[in-house]
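> give me a model of this one.
(3 chains)
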Amino acid sequence: MRVKTIPRFLFALFFWLSIPCLLVAQTPPTPALLLGAAWYPEQWPEARWDADLALMEQAGIHVVRVGEFAWSSMEPAEGKFDLDWLQRAVRMAAKHHISVVLGTPSAAPPAWLTQKYPETLLIDEHGKRAVHGNRQQFSFTNPRYREFCRIISEEMARRLAAEPNVIGWQLDNEVSAISYDDYTRGQFQQWLHAKYKTLDSLNQHWTTSYWSQTYSDWSQIPIPVGGNNPGLMLEWMRFVSATWKDYLANEYRAIRKYASEKQPICTNTMGLFDGFDHYVVEEGLDIAAWDNYVGQGHLKDAGIGFVHDVTRGFKQKNFWVIETQPGMVNWATVNNMLNKGEVRAMAWQDVAHGADMVSYWQWRSAQNGQEEYHGTLVGADGTPVPLYAEVKKIGAEFEKASPVLARTSPHSEIAMLHDYDSGWAIDWQKHNQNYEHDKVDQNFYKALRELTQTMDVVRPAAKRWCPWP
Amino acid sequence: MRVKTIPRFLFALFFWLSIPCLLVAQTPPTPALLLGAAWYPEQWPEARWDADLALMEQAGIHVVRVGEFAWSSMEPAEGKFDLDWLQRAVRMAAKHHISVVLGTPSAAPPAWLTQKYPETLLIDEHGKRAVHGNRQQFSFTNPRYREFCRIISEEMARRLAAEPNVIGWQLDNEVSAISYDDYTRGQFQQWLHAKYKTLDSLNQHWTTSYWSQTYSDWSQIPIPVGGNNPGLMLEWMRFVSATWKDYLANEYRAIRKYASEKQPICTNTMGLFDGFDHYVVEEGLDIAAWDNYVGQGHLKDAGIGFVHDVTRGFKQKNFWVIETQPGMVNWATVNNMLNKGEVRAMAWQDVAHGADMVSYWQWRSAQNGQEEYHGTLVGADGTPVPLYAEVKKIGAEFEKASPVLARTSPHSEIAMLHDYDSGWAIDWQKHNQNYEHDKVDQNFYKALRELTQTMDVVRPAAKRWCPWP
Amino acid sequence: MRVKTIPRFLFALFFWLSIPCLLVAQTPPTPALLLGAAWYPEQWPEARWDADLALMEQAGIHVVRVGEFAWSSMEPAEGKFDLDWLQRAVRMAAKHHISVVLGTPSAAPPAWLTQKYPETLLIDEHGKRAVHGNRQQFSFTNPRYREFCRIISEEMARRLAAEPNVIGWQLDNEVSAISYDDYTRGQFQQWLHAKYKTLDSLNQHWTTSYWSQTYSDWSQIPIPVGGNNPGLMLEWMRFVSATWKDYLANEYRAIRKYASEKQPICTNTMGLFDGFDHYVVEEGLDIAAWDNYVGQGHLKDAGIGFVHDVTRGFKQKNFWVIETQPGMVNWATVNNMLNKGEVRAMAWQDVAHGADMVSYWQWRSAQNGQEEYHGTLVGADGTPVPLYAEVKKIGAEFEKASPVLARTSPHSEIAMLHDYDSGWAIDWQKHNQNYEHDKVDQNFYKALRELTQTMDVVRPAAKRWCPWP
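Numbering: from 1, shown residues only, chains lettered A, B, ... in the order given. Sure, this is the predicted structure:
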């Protein structure tokens, strides 16, 4: 994969210095650098789709992510599927030279599903069952939920994997919410049993003679809520990581049944979120993809740069920025606008760190919902917002730069080791409440990066990391 | 109702400038400006009542609110009523030229009621049933609770509405606590069904295609806890408002069966509390009444002035300050005393904004209970506190000013629009956590009031607002 | 007990001024001033014990506390006891001239117990049952739990009370966690019934006519959670105090059956923790013992001095510092190290205020568990930490000073009154959130102590306090 002819950071540096375009223009149907947007056709009248896609095409947008969160539109009742509309949307995109990443909708089960099968809903750490209306309300171990996910994923792949402009898949969305239900607890106990074989071994490894914690039966082991034995807590996080890997593998297999290897399958992750070990979860996927939000404030070079490099390390190759912020978010304490040009700077920073896709969330403001005031490229009224022009400029630059940057990636001579287990252990028994390991990592990163221009961030177990073969 | 001969603010200005008394003294039995106090005779030996009423009379106090919170004294066991003591208290007040506002006791159900019928207790947002010992522990939709409220209200009215010194009624006390029980949820779903007729209409209005929220059955719709679809959240607040209106109408009807129209019926509200749409709830009542507490700190002109004018706008006419602070409260983070003269300033500010009653909470310190350290006019030992003298002065002033101020009200040439729906929508999706719409309203109000002397604050739907007919 | 020949504070002053040693050395097997450590032999291979005890002996450590938290090692299954290892540990200590305080293990029930009898687990104020893995998870009223505690305590005493180097007993550990289960509520109601005899009396004493709180049946009375009637809240705290007294008496009786009066029985308390009335709870014990932790920051003379004197007042005689901090803790927001010499200063401050024992928690860092990063004298690797040398110095000083200080205690001419009921009443209805009665007490204490050198702190009901007989 790695072609070392042009170290990407040098190229990015070029753009950072604001020299706008230096390459001979040539616009392939699907450029190597993909500018994109999250598009939710199910929220709009079909008659409007063409106008939206035309506006995208004019802005140099060549990929849309669709399907994510559309379960109630794809399967309005149990076993009744309607993917015709989605197929029409995908094909209409093709007419505008726009590729598609299809998102499985499992982050937001329909009301009929969780009403009929309430055991698919998660139980939070206070023992309360989730309710409908938000997302991530499912239990990540529930076999029935897995089966529903398999079916809808497979149905999507069966109908749409053969569409020529489908270039990849996203599984679920920002997986993170864990469940404390009894079935999950039983799974955890079985997982421990399989790992430790005997309770004697577990008791010894965890020093359970401390505070009379000794387990005499696997069924005594709780899911830790709040503080508990660090051994127990660490294994719980490892179980959570293994469970997410397994949860996603279920959808992966369903899709791969119909989708060729040319369609990489990812899930979108949340930067430094540490609710699971990303190295473990990404093992089962083809490409890393993350959601790059500044949130409040402004782009900070080393801060987001570090996250890019962490994400590139998940698969040790280029990745996608599958969601990013068109000017502002709606969930920060102060949702400031980014400055003029700052979104463009973000896009080129993405590319400089190895992103092959930069995709805005979202294309158009919804008419309601929890995120109606998030930044977009087109307003609720259907007309472009001011940022549209800046994105159009990025689109033109991406088209021009694509031939040169295609099949290149950052070339680092040093790497930082990064480890979830260590981070959790530090957080659980801090000696100073102000110690934030992410900040410490970023400080090391920043200092080193100033010396070396590009860096890798990899797991300690990384086998092949070494720039010299 | 509006007699425009003397704009009240001019008169109030007069008093603000501390020119003490300019009117020929004449003391009618019930002055137009009523100075009052909350009196809880059930907490004291009957032998003491006369001494308390005599002290009130000496201070120019001409109204007491009684009955509120006395359910266990009025109905010590299911269906066994004892209102004799209350009748004696009302009649003893009459002897001292003191009128009575009777309060229904539904804010604090007796222990026998909630023990025998636990379904009358509210379920909080965490799913926990309320327990006995505080107030507002009932479920505001529960039919059995409504029936108990109807019976005790009707019993009070049957026995006491004919007493000549009963001049009005207060329903419940500071209604605010809502319940998340299943019956309430069912009522909400029915209310939505009646409003939207079809789920298609509801799904479209709420854009439920967002996050797969689509409802295929009315019974799927949850009570929102925390964030949810803004359409759902808004309708929940409207349902809450409609429910409180309905809850109070139950008691209103029971009382009106016996009470003549000369006895206005109110509930006491809490200023800018926005747990329901006050315009909706007040539609079913005769007069607005609010509880004016400075809390920590000191009287701020525009701050409380705005709340007065909001409250006057509920019914677009004069109102009652049915509770106010005799010097200090017991619930602020720092319960400072008001300065000498500040309570008097508050009283005249009340009047200047259209209050026809200024009533202190409470007359005498209880010997125990959650509020035993709240400011009063008489200590737990039965002797007047220093503030008694200041209140006595207000009493004398009210008696003198009453003939001139009777049947006058503020005369405004401009109005601000004020809207609960908008406030909720802003709060649920703030773009800046520091944005407080009440503060913004108060800033506009302050700036305008300095130009115009008196202002109205009305709901956008107000039909008759216009100073020029 | 009080020998007034040498006021202890003068002696301590001596050491405070760092004049190291002035007494003729003589080392009795068990010095009057006992330097100690908490030792958990169950966490280590038996082959290591001798090395640890030898290190202790070299440091002048003459007492270890053992057994606390070792329930799963002492009773690995219901009714199957294994105390042989504990006897061997006690006897091996004897060989090194080290006495033993045996701790009952009831603060941490084994998993088999709470799994088989879940009713022994506490229910927290949110209605949630505790889970295994921490400590204090039992319900303090549960009869079955009491029976298990009785059996293990009696078994320990039967086997070990006759060991010549057992010099005392500690019951449980830092009792504090209360339960809100239904059985506890019933016990509380019975306790109130026994105290008030009639509901009329209770209603009158609590002024339950306030807010319609009147109780018509004992079973209506709730356990207060959050604010409630102050009368109810006060009685709840008194019930909690009585319950802890009773809870500990159960173990006390079991031990005293076999242990001679030469072995005093204590429980370790937590300074100014006010979750129960310590004067009540200590009535049933022989000697006060507390856990002296600076936590974050550094030793403050009057702050900890006040706590020492409060603790000395529990039994109005010398006490034990049965846990103290070897340099740092692991639970503060910033776990700073104490300065060189500060641990020694603490030890002598302990003695100056009447401590006859200064015992470090803990001897050696555990290999895992919630407290593995707490300060110790020996690291997880088995080698002494730097502080070991400082403690060794204290050990030598204690041995030298013991003959002179034996049977002396502080001699105060003034006393402060200290009262839990008053503290709770202030906290429940504060007029200023910044008012902290402990700080106010400490400020009075500090000012007075500067004038008088030594002070007593006693309960208002203290009968015999008066320095002049």
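
> measure the residue lying closest to A:Ser73 once chain neighbours are set aside to A:Ala107 for me?
Distances taken as CB to CB, 6 or more residues apart in numbering or on different chains place A:Glu42 nearest to A:Ser73, at 4.1 Å, with adjacent residues excluded. (C-beta placed from N, C-alpha, C; glycine too.) Look at A:Glu42 and A:Ala107: by CB to CB, to the nearest Å, they are 15 Å apart.

> ok, now A:Ile322?
In terms of CB to CB, A:Ile322 sits 14 Å off from A:Ala107.

> picking that back up, the residue nearest to A:Ser73 belongs to a strand?
No. Using DSSP: H, G, I helix; E, B strand; the rest coil, the assignment for A:Glu42 is helix, not a strand.

> what sits against it?
Going by CB atoms under 8 Å, 6 or more residues apart in numbering or on different chains, A:Glu42 touches A:Ala70, A:Ser73, A:Trp85, A:Leu86, B:Ser209.

> which pLDDT value belongs to the third one?
This points to A:Trp85. Each residue has a pLDDT score; the one for A:Trp85 is 98.

> wait, isn't it in contact with A:Ala70?
No. The criterion here is CB atoms under 8 Å, and A:Trp85 misses it with A:Ala70 at 9.0 Å.

> pick out the residue nearest the middle of chain A.
Centroid-nearest residue in chain A: A:Asn268, 1.2 Å away (criterion: CA atoms, centre = their mean).

> mind checking pLDDT for that one?
Note on A:Asn268: pLDDT of 98.

> go on, A:Thr452?
Looking at A:Thr452, its pLDDT is 89.

> whether whichever strand or helix holds A:Arg159 contacts chain B - can you check?
Element membership of A:Arg159 [criterion: DSSP states H and E] is helix A:143-160. No. Helix A:143-160 lies apart from chain B when judged by CB under 8 Å from any CB of the partner chain; the minimum separation is 10.8 Å.

> stretch A:119-131 now?
Yes. Stretch A:119-131 reaches chain B (CB under 8 Å from any CB) through A:His126, A:Lys128, A:Val131.

> in that stretch, which residues are buried?
For stretch A:119-131, a neighbour-count test (16 or more other CB atoms under 10 Å in any protein chain shown) marks A:Thr120, A:Leu121, A:Leu122, A:Ile123, A:Asp124, A:Arg129, A:Ala130, A:Val131 as buried.

> including distance to B:Gly231, pLDDT and secondary structure, could those go into CSV?
Conversion of those to CSV gives the following (distance: CB to CB, whole Å; pLDDT from 0 to 100; DSSP: H, G, I helix; E, B strand; the rest coil):
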residue, distance to B:Gly231, pLDDT, secondary structure
A:Thr120, 25, 98, helix
A:Leu121, 22, 98, strand
A:Leu122, 24, 98, coil
A:Ile123, 27, 98, strand
A:Asp124, 25, 97, coil
A:Arg129, 23, 96, strand
A:Ala130, 20, 96, coil
A:Val131, 16, 93, coil
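
> just to revisit the earlier point, the more surrounded of A:Ile322 and A:Ala107?
Of the pair A:Ile322 and A:Ala107, A:Ile322 is the one with more neighbours under other CB atoms under 10 Å in any protein chain shown, namely 31 against 24.

> dump the residue contacts of the closest residue to A:Thr324 other than its chain neighbours.
Using CB to CB, 6+ apart and skipping residues adjacent in sequence, the residue nearest A:Thr324 is A:Asn292, 4.5 Å away. Each residue near A:Asn292 by CB under 8 Å, 6+ apart is listed here: A:Gly271, A:Ile304, A:Val307, A:His308, A:Val321, A:Glu323, A:Thr324, A:Gln325, A:Met346, A:Asp350.

> pick the one among the contacts of A:Glu42 closest to C:Lys80.
Using CB to CB, A:Ala70 is the member of those that lies nearest C:Lys80, at 59.5 Å.

> that closest one: neighbour count?
Counted by other CB under 10 Å, the residues lying close to A:Ala70 total 29.

> over to the one 5 residues further on?
For A:Glu75, the number of neighbouring residues by other CB under 10 Å comes to 24.

> isn't it right up against A:Ile152?
Yes. Between A:Glu75 and A:Ile152 a contact is recorded at 5.7 Å, counting by CB under 8 Å.

> who in chain A is up against chain B?
Within chain A, the positions near chain B by CB under 8 Å from any CB are A:40, A:42-43, A:69-73, A:76-77, A:105, A:108-112, A:115, A:126, A:128, A:131-135, A:330, A:333-335, A:366-373.

> helices - which of those residues land there?
Of those, the ones assigned to helices by DSSP state H are A:Trp71, A:Ser72, A:Ser73, A:Ala111, A:Trp112, A:Gln115.

> quick check: phi and psi on the nearest residue to the first one once chain neighbours are set aside?
Using CB to CB, 6+ apart and skipping the chain neighbours, the partner closest in space to A:Trp71 is A:Pro105 (3.6 Å). In terms of degrees, to the nearest 10, the main-chain angles of A:Pro105 are phi -90, psi 20.

> try A:Val101
The phi and psi values for A:Val101, taken as degrees, to the nearest 10, are phi -100, psi 120.

> could you check how far it is from A:Leu171?
Separation of A:Val101 from A:Leu171 (CB to CB): 11 Å.

> one more: A:Glu261?
Distance of A:Glu261 to A:Leu171, given as CB to CB: 16 Å.

> repeat for A:Phe398
Between A:Phe398 and A:Leu171 the computed distance is 26 Å (CB to CB).

> could you do A:Asp356 as well?
Distance of A:Asp356 to A:Leu171, computed by CB to CB: 18 Å.

> contacting residues for A:His193?
Contacts for A:His193 were tallied using CB under 8 Å, 6+ apart; they are A:Trp218.

> between A:Asp356 and A:Leu171, which one's more packed in?
Here A:Asp356 and A:Leu171 are compared on neighbour count by other CB under 10 Å; more neighbours surround A:Leu171, at 27 against 23.
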